[in-house]
Every structure is written in C-alpha cells, then in structure tokens.
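In: Here is my input; please provide its structure:
(one chain, ligands or ions: 1)
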Amino acid sequence: MASGTALIYDEEMTTHKLLWSDPICDIEVPERLSSSYEQLRSYQLVERCVHVPAREGSEEEILLVHSLEHLEVAKSTQTMNEEELKRVSENYDAFFFHPSTFHCARLAVGATLQLVDAVMSGKVRNGMALVRPPGHHSQRNAANGFCLFNNVAIAAEYAKLKYGLQRILIVDWDVHHGQGTQYIFEEDPRFEGFFFFFNASVSHTFQVGMGNSDYLAAFFHVLLPMAFEFDPELVIVSSGYDSGIGDPEGQMNATPEVFSHLTHFLMQLANGKLCVILEGGYHLKSLGESVCMTVKTLLGDPVPQITGEMAPCLSAVESIQNVRAAHKPYWKWLAYEGKSPFCFVLYLEIWGFIFVLTNLLLLLLKDAEGNDFFSAVLGFILPVAYSYQPNLTVIAVGPNRSLGISGISLLVALLQGLAESRIFAVIEDTEISLMQSVAKALLGASTPPFGIYVPPTQEKVNKIKALRDQFQQEWKMLQCSGKLSDFIFNSYIL
Ligand SMILES: [Zn+2]
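Out: Take a look at the predicted model:
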C-alpha cells in the first residue's frame with residue numbers, strides 16, 4: 001500500500017487579494033494560506049510531507065464542471081483595471097476579482113488535481129492541498145462566496161474520467177452549505193450514482209455554538225454508516241475550518257483536535273485514499289492549528305484527546321434524526337429505522353476506572369454476519385467509547401472469536417481515535433493472518449476490504465436501538481433522536 005502524505009502549497013495563490021473596501025469579503029485574506037503554511041513549518045510538518053508542486057488547471061479541466069461563459073468572464077478579468085474589476089465582482093454574491101485571480105484559481109484547481117493524481121497513482125497515500133480561492137460555493141455559471149472554480153467538484157469529475165472510478169465520496173465539513181458542489185452534481189444527470197456528497201452545514205444565523213461532540217455524533221450516526229455502505233474508492237474533503245472555535249464566520253466551538261478525529265475516521269475508507277482540500281476558515285490561529293491537526297493525522301501521528309463534555313446538543317441530535325429519517329429510503333443500514341424494538345436487557349461491567357466492553361461485544365457482535373458489524377461498532381461501541389474517553393485502550397481477542405479479521409482490524413483502527421492512540425492488542429490466537437492484519441492496523445495501514453455490503457438484520461438493529469435507549473442518559477454520544485428543528489444538515493445522494 002502507498003505511504004506518505006502529500007502537501008501542496010504555492011505562494012503564488014497569495015497574490016489574489018481584495019483591492020477595495022468590502023466588509024463581507026475582507027476576511028478572505030492571503031494570510032489564510034501563508035500563516036497556515038508557517039504553522040505547518042513551525043511544527044516541522046512540512047519536511048515530513050512529500051512536496052508535490054501545484055500546476056495551473058487547464059481550461060478543459062475547468063470546463064468539466066463549469067460553463068464556457070463562466071470561464072471566459074474569469075479569463076477576461078486578467079487585464080482589467082480596478083474599476084472594471086469592481087464592476088464585474090458586483091455581479092456575484094460575495095466575490096472579488098484581482099488581476100491575478102484567474103491565475104490563482106487555475107492554480108487552486110491544478111493543485112487539487114495534482115493531489116488526486118499523487119494519491120491515485122500511489123505516489124502517496126493521502127494528502128492536503130492548501131488552495132486559494134476556495135471552491136465549494138462556486139457554481140456551473142457563477143462565482144459565489146469567495147469561490148471562483150469548484151476545485152473539489154472538478155477533482156471528482158477528473159478522478160472519475162481519468163481513473164474510471166465508480167464511487168467517490170465528497171465530505172464537506174465547512175460550516176457553510178457547499179451549495180455549489182450540490183448544484184453542479186444535482187443538475188447534471190451524468191453524475192448520477194457516482195458521487196455521494198455529505199455536507200454538515202449550519203446556518204449561523206440561527207444555530208451557533210456547535211462543538212466537538214456534535215460533529216462526532218454526526219459522524220457516528222450519519223456519515224460513517226453511510227460511507228461504509230457506500231464503500232468509496234476515493235474520499236475528497238471540502239475542508240473548511242470556519243466551524244473552528246473563534247472563527248468570526250461560523251461562531252462554532254469545534255476545537256482543532258476534532259479535525260484529527262474526523263480525518264482519522266475518513267482514513268479508514270477507500271483503502272486510505274484521502275484528499276483534503278482547503279475551503280473556508282477565517283480565524284488565522286484556529287485555521288492554522290486545525291490545518292496542522294489534519295496534516296499530523298494524515299501522517300499517522302497519534303490522535304489527540306478530545307476536550308469538553310462528550311454530549312451532543314439537542315439541536316444536533318434533532319438534525320441527526322432528521323437526516324436519518326430523510327435518508328431511510330436510500331440506505332440499507334437505515335432499513336429498520338423507526339420500527340419498535342423488542343425488550344432487551346444487558347449489563348455493562350464497570351469496574352473502577354475500567355470500562356469493559358466485553359459483554360457488549362459478545363452480544364452485539366455475536367454471529368455478526370456481514371454488516372451487523374457496522375451498526376454495532378458505529379451505532380453503539382464508538383459512541384460509548386467516546387463518551388467514556390479512556391486513557392488506554394486494550395483489545396483482547398480470544399480463540400473463539402465471532403468477528404472476522406477485517407472486522408477486528410477495523411475496530412483496532414477506529415479505536416485509535418481514543419486515548420491519544422494509546423492502544424494495545426492481546427491476541428490469543430495463532431492465526432498468522434489475524435496477527436499481521438492487526439499489526440498493520442496498529443501501524444495505521446488501512447484495513448482489508450469488507451466486500452459487498454450486507455445490510456444489518458432487523459434483530460440486530462432492534463438490539464442496538466434498545467441498548468441506545470437504555471444507556472443514552474449515561475453515555476450521551478449514543479443519542480441520535482430528539483424533536484424536529486430547523487437546523488440545516490444536508491446530505492445528498494447523487
Ligand atoms: Zn465556509
């Protein structure tokens with residue numbers, strides 16, 4: 001398997017800047033890029049990454065998702081004076097042109113495609129591209145929200161055409177709705193079935209203050225089960241950090257550490273093929289720290305402990321419930337959602353400071369055929385473990401195990417998000433392939449494939465629901481239903 005993490009940065013992309021006064025656009029400053037890069041340098045992360053040069057995206061590549069008219073307008077701004085630039089900028093919602101904007105936007109597209117190539121060719125395992133202008137608000141025929149060309153949408157289409165991919169997962173964790181990406185794929189029937197676009201977006205006008213546990217809960221109860229069922233061949237992240245604490249745009253409370261966890265989870269998909277592309281993030285310190293956390297995780301460093309109370313807020317729980325309800329017709333893992341469970345009793349062994357999942361594992365994973373595994377692990381074991389926040393994780397595997405090698409290895413990989421990745425495995429089994437697989441998972445190599453997705457049985461779904469109901473008062477990360485709200489939480493199947 002490929003190793004190494006690519007980092008793409010080109011100082012040229014700092015030449016795009018606002019030439020006049022505009023209180024909406026003045027936060028999208030060149031320092032967003034340069035100070036993030038400086039922060040990576042100060043943590044000695046730059047030298048640990050594989051340097052991949054940026055290039056200009058070609059017109060042909062831009063036309064993969066944009067109209068010729070949009071390209072021509074952007075091109076024409078290169079020779080304009082300030083007055084003309086201002087006039088053309090006013091045609092769009094929250095965008096500014098500079099004579100170097102077209103060049104920078106082409107570099108942003110090209111840098112993103114260079115990263116896709118580095119990952120898909122096996123030169124590196126994963127990577128991050130620090131780009132400006134960002135892309136996820138940009139639409140087929142319009143600049144919008146600081147974005148000129150939709151870097152991520154172009155990358156997805158490029159990867160599909162060049163590498164013949166069938167399933168690409170786009171995760172957008174920017175605080176704003178990546179409507180550009182959504183519209184581009186929604187409008188075009190060619191994209192149907194190829195991409196799954198997940199956007200955890202919150203309108204900051206009526207919902208502020210979402211924090212670490214809200215993002216993690218959304219991953220456990222929505223994104224990860226969908227992603228494992230979807231089984232992508234490549235994961236691309238629209239990585240906006242304006243959900244970070246201190247950001248004037250998002251007004252959210254996610255700390256930089258949470259991005260390590262989200263990155264760590266996504267690294268378990270698509271055989272580790274993960275491309276992270278910068279979108280928003282306007283608080284320079286918070287942005288720089290979050291970028292560093294992401295890159296450290298991509299490099300395989302221990303995942304830092306999450307701080308703060310592990311309890312999602314009511315509106316996050318409600319929106320998780322809404323999304324699950326809306327997606328029920330499309331996903332096998334949600335097939336039994338909402339049906340009433342039978343009564344089920346179970347006891348947890350809690351002994352001093354040690355929380356033993358043995359009994360749970362036994363009951364939940366016993367005869368875990370196919371993808372009962374995902375419902376048990378994502379719907380129960382991880383939320384409980386994240387609520388508990390251990391300082392050390394021990395995995396014991398006996399000879400009479402009911403879990404397959406892929407399952408054990410993925411469990412080992414996912415649990416490394418806890419206890420600052422302090423984990424060890426005790427294996428009472430002489431099966432060499434099990435030991436090799438677990439050792440690989442401990443080293444951060446991705447887990448063996450699961451094969452064709454088999455939905456969980458109704459019995460297993462009911463067991464997990466009953467367990468959640470029983471224990472969610474104590475282990476708050478288990479909550480995934482509340483009352484309805486107007487919190488926006490979008491995800492689209494295309
Ligand atoms: Zn944003």
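
In: Would you map the helices across the stretch 1-150 of the chain?
Out: Assigned by DSSP state H, counting those that start in this stretch, the stretch 1-150 of the chain shows helices spanning 31-42, 59-62, 68-76, 82-89, 101-120.

In: Tell me who's in contact with whatever residue of the chain ends up closest to the ion.
Out: Using CB to the ion, Gly280 is the residue of the chain that sits closest to the ion, at 2.8 Å. Every C-beta, even on glycine, is put in place using the N, C-alpha and C of the backbone. Applying CB atoms under 8 Å, 6 or more residues apart in numbering to Gly280 gives the contacts Pro134, Phe146, Asp174, Val175, His176, Gly240, Tyr241, Asp242, Glu249, Gly250.

In: The same query, at a cut-off of 10 Å, please.
Out: 27-28, 32, 134, 136-137, 145-147, 174-176, 178, 238-244, 247, 249-250, 287 (CB atoms under 10 Å, 6 or more residues apart in numbering).

In: Now the most centrally placed residue in the chain. Its backbone dihedrals?
Out: Geometric centre of the chain, nearest residue: Val171, 4.7 Å, by CA atoms, centre = their mean. Backbone torsions for Val171, taken as degrees, to the nearest 10, come to phi -110, psi 130.

In: can you check the one 5 residues further on too?
Out: In this entry, His176 is assigned phi and psi values of phi -90, psi 150 (degrees, to the nearest 10).

In: picking up where we left off before, how much space is there between the nearest residue to the residue of the chain closest to the ion once chain neighbours are set aside and Thr14?
Out: Distances taken as CB to CB, 6 or more residues apart in numbering place Gly240 nearest to Gly280, at 3.6 Å, with adjacent residues excluded. Distance, Gly240 to Thr14, by CB to CB, to the nearest Å: 18 Å.

In: repeat for Cys147
Out: Counting by CB to CB - Cys147 and Thr14 are separated by 17 Å.

In: Have a look at these two and say which one is more surrounded.
Out: Cys147 (27 against 18; other CB atoms under 10 Å).

In: Which residue ranges of the stretch 301-450 of the chain form strands?
Out: 349-351, 354-356, 393-397, 423-427 (DSSP state E, counting those that start in this stretch).

In: Which one of those has the poorest average confidence?
Out: Among those, strand 349-351 has the lowest mean pLDDT, at a mean of 43.

In: Those residues of this protein touching the ion, which are they?
Out: The chain comes close to the ion at residues Asp174, His176, Gly240, Asp242, Gly280, as judged by CB under 5 Å from the ion.

In: which residues touch Val412?
Out: Contacts of Val412 were listed using CB under 10 Å, 6+ apart, and they are 393, 395, 397, 423-425, 437-442, 447.

In: How about it, nearest residue that isn't a chain neighbour?
Out: Ala441 is the one closest to Val412 (CB to CB, 6+ apart), at 4.1 Å.

In: Repeat that for Ala445.
Out: Going by CB to CB, 6+ apart, Ala445 has Met1 as its nearest residue, at 5.8 Å.

In: Could you tell me how many residues sit around that neighbour?
Out: Residues near Met1, counting by other CB under 10 Å: 10.

In: check contacts around it.
Out: Gly122, Arg125, Asn271, Gly272, Lys273, Lys440, Ala445, Ser446.

In: could you redo the last one with a cut-off of 8 Å?
Out: Residues near Met1 by CB under 8 Å, 6+ apart: Arg125, Asn271, Gly272, Ala445, Ser446.

In: and the residue of the chain closest to the ion, what pLDDT?
Out: 95.

In: Ok, the one 3 residues further on next?
Out: pLDDT for His283: 94.

In: isn't Ile184 right next to Arg140, touching?
Out: Yes - under the criterion of CB atoms under 8 Å, Ile184 makes contact with Arg140 at 5.7 Å.

In: shared neighbours of the two, anything?
Out: Both Ile184 and Arg140 are contacted by Val65, under the criterion CB under 8 Å, 6+ apart.

In: Give me the more crowded residue out of those two.
Out: Taking neighbours as other CB under 10 Å, Ile184 and Arg140 compare with Ile184 leading, 27 against 16.

In: From the structure, what's the count of residues near Ala325?
Out: The burial count for Ala325: 14, using other CB under 10 Å.

In: ditto for Thr457
Out: Thr457 has 18 neighbouring residues, counting by other CB under 10 Å.

In: Over to Glu309?
Out: Neighbour count for Glu309, taken as other CB under 10 Å: 12.

In: repeat for the one 3 residues further on
Out: Pro312: 29 surrounding residues under other CB under 10 Å.

In: Now it: closest residue in space, sequence neighbours ignored.
Out: Nearest non-adjacent residue to Pro312, counting by CB to CB, 6+ apart: Ala217, 4.0 Å away.

In: give me the low-pLDDT residue ranges for the stretch 51-200 of the chain?
Out: Residues of the stretch 51-200 of the chain meeting the criterion pLDDT under 70: 188-200.

In: now the strands: where do they sit in it?
Out: Using DSSP E, counting those that start in this stretch, strands in the stretch 51-200 of the chain cover 126-129, 168-172, 195-199.

In: Adjacent strands (with direction) for the second one?
Out: Sheet pairing for strand 168-172, assigned by DSSP bridges, gives strand 195-199 (parallel), strand 234-239 (parallel).

In: same deal with the shortest one?
Out: Looking at strand 126-129 with DSSP bridges, its partner strands are strand 5-8 (parallel), strand 274-278 (parallel).

In: Give me whichever of those is most buried.
Out: Highest mean neighbour count of these: strand 274-278, a mean of 29 (counted as mean count of other CB atoms under 10 Å).

In: That strand: how far from the chain's middle?
Out: 9 Å (CA atoms, centre = their mean, to the nearest Å).

In: Can you tell me what sits against it?
Out: Applying CB under 8 Å, 6+ apart, the contact partners of strand 274-278 are 33, 36, 112, 115-116, 119, 125-132, 134-135, 151-152, 155, 234-240, 263, 266-267, 291, 294, 298.

In: Now with 6 Å, please.
Out: The contact list for strand 274-278, computed with CB atoms under 6 Å, 6 or more residues apart in numbering, reads 112, 115-116, 119, 126, 128-131, 151-152, 235-237, 239, 266-267, 294.

In: for the stretch 251-400 of the chain, which spans come out with low pLDDT?
Out: 337-371.

In: same thing but 90
Out: Residue ranges of the stretch 251-400 of the chain with pLDDT under 90: 251-254, 306-310, 313-381, 384-385, 387-400.

In: hey, C-alpha coordinates of stretch 375-393 in PDB?
Out: The C-alpha trace of stretch 375-393 is given here as PDB (Å, rounded to 0.1, in the frame of the first residue of the first chain):
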ATOM      1  CA  SER A 375     -24.300  -1.000  13.100                       C
ATOM      2  CA  ALA A 376     -22.800  -2.400  16.300                       C
ATOM      3  CA  VAL A 377     -19.500  -0.500  16.100                       C
ATOM      4  CA  LEU A 378     -20.700   2.800  14.700                       C
ATOM      5  CA  GLY A 379     -24.100   2.900  16.400                       C
ATOM      6  CA  PHE A 380     -23.000   1.700  19.800                       C
ATOM      7  CA  ILE A 381     -19.400   0.900  20.600                       C
ATOM      8  CA  LEU A 382     -17.700   4.000  19.300                       C
ATOM      9  CA  PRO A 383     -20.300   6.400  20.800                       C
ATOM     10  CA  VAL A 384     -20.000   4.800  24.200                       C
ATOM     11  CA  ALA A 385     -16.200   4.700  24.000                       C
ATOM     12  CA  TYR A 386     -16.100   8.400  23.000                       C
ATOM     13  CA  SER A 387     -18.500   9.200  25.900                       C
ATOM     14  CA  TYR A 388     -16.200   7.400  28.300                       C
ATOM     15  CA  GLN A 389     -12.900   9.000  27.000                       C
ATOM     16  CA  PRO A 390     -10.400   6.300  28.200                       C
ATOM     17  CA  ASN A 391      -6.700   6.900  28.800                       C
ATOM     18  CA  LEU A 392      -5.800   3.500  27.400                       C
ATOM     19  CA  THR A 393      -7.500   1.000  25.100                       C
END
